[in-house]
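Enquirer: Need coordinates for the below:
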Amino acid sequence: MWADKQIIEHRLACEILNRIKDETFNFIRERKAEKISEYKIQQFILKRFKKYNLKNEVDKPIVAFNENASNPHYFPKKSSKKLKNNTLILIDIWARLNRENAPYADITWVAYYGKISEEVKRVFDIVIKARNLSLDFIREKLRKKRIPTGREVDDIAVEVITRNGYEKNIKHRTGHSIGLKSPHGEEKHVNCTNIDSLKENLAYTIEPGIYLDKKFGVRSEICFLMRKNRLIVTTPVQKKLILI
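Expert: Got it, this is the predicted structure:
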């Protein structure tokens, strides 16, 4: 489990990633008339990592438009899709402070350029509900002095998505532990389908997603940790689609 110093470093990395997220969406707004590409946005994010002295040892940030966002592991190339009207934009960024044994932070936010369709709004609302109810479930268990298992948390998010008719559009589990050399933890608690209880003083993600092939995908990813039977969400929480 993490030392107090590492928890502080994780929370600082979360703050910086949130700042970079805001700067990225502002960058897109400023360049939307140029039909900026996914790749150029990714390169902007990488420059911001250098500016804030963040380290990223695993893959490059995900920037995905419309149908590319339906692939949770999509990484843009130089010849990537360009921004146009009515585009859903998903960015997934992870990094850590450039210090020895500093933990990662990991966030995913979505934005929209154009007029939001009812389908996009519905899917976004379901993902947000799945995330919120997962957090509520953890809080309730902690109030009863019990730490839930990863599988129990996953079941909550999956049930929300399934109940709303999108069971076939789930392409990954609800979360993972956060590591020191990777956003995915090295510990056995790496996946939220584990039957073991989650651990205090170690950060995890909650990141439910719905992915409609050849159309779009929506994911909301936040980090949290537990200390002394208290849930601490260490990243900002998206409540509404960002408008570009």
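Enquirer: In the protein, which helix is the longest?
Expert: Longest helix in the chain by number of residues, with DSSP state H as the criterion: helix 4-31.
Enquirer: pretty sure S37 contacts K82?
Expert: Yes - counting by CB atoms under 8 Å, S37 does reach K82; the two are 4.8 Å apart. The way it works is simple: take the backbone N, C-alpha and C, and place the C-beta from them, glycine included.
Enquirer: Who has more neighbours out of these two?
Expert: With neighbours defined as other CB atoms under 10 Å, S37 and K82 compare such that S37 has more, 20 against 14.
Enquirer: For that one, give its distance to K78.
Expert: Separation of S37 from K78 (CB to CB, to the nearest Å) stands at 8 Å.
Enquirer: Over to V110?
Expert: From V110 over to K78 the distance is 23 Å, taken as CB to CB.
Enquirer: So which of those two has more stuff around it?
Expert: Comparing V110 with K78 by other CB under 10 Å, the one with more neighbours is V110, at 24 against 10.
Enquirer: what's the neighbour count on F75?
Expert: Other residues close to F75 by other CB under 10 Å number 17.
Enquirer: quick one: low-confidence ranges for this structure?
Expert: 186-195 (pLDDT under 70).
Enquirer: change it to 80
Expert: Per-residue confidence for the chain (pLDDT under 80) gives these ranges: 185-196.
Enquirer: Give me the buried positions along the longest helix of the chain.
Expert: Neighbour counts over helix 4-31 (16 or more other CB atoms under 10 Å) mark 6-7, 9-14, 16-18, 20-21, 24-25, 27-28 as buried.
Enquirer: for that helix, the distance to its chain's centre please.
Expert: Offset of helix 4-31 from its chain centre (CA atoms, centre = their mean, to the nearest Å): 12 Å.
Enquirer: Quick one: residues in contact with the helix or strand following that helix.
Expert: In the C-terminal direction, the helix or strand that comes right after helix 4-31 (DSSP states H and E) is helix 38-51. Here helix 38-51 makes contact (CB atoms under 8 Å, 6 or more residues apart in numbering) with 20, 23-24, 27-28, 31, 55-56, 60-65, 68, 75-82, 91, 93, 95.
Enquirer: if you set the cut-off to 6 Å instead, what comes out?
Expert: The contact list for helix 38-51 (CB atoms under 6 Å, 6 or more residues apart in numbering) reads 20, 24, 27, 56, 61, 63, 65, 76, 78, 80-81, 93, 95.
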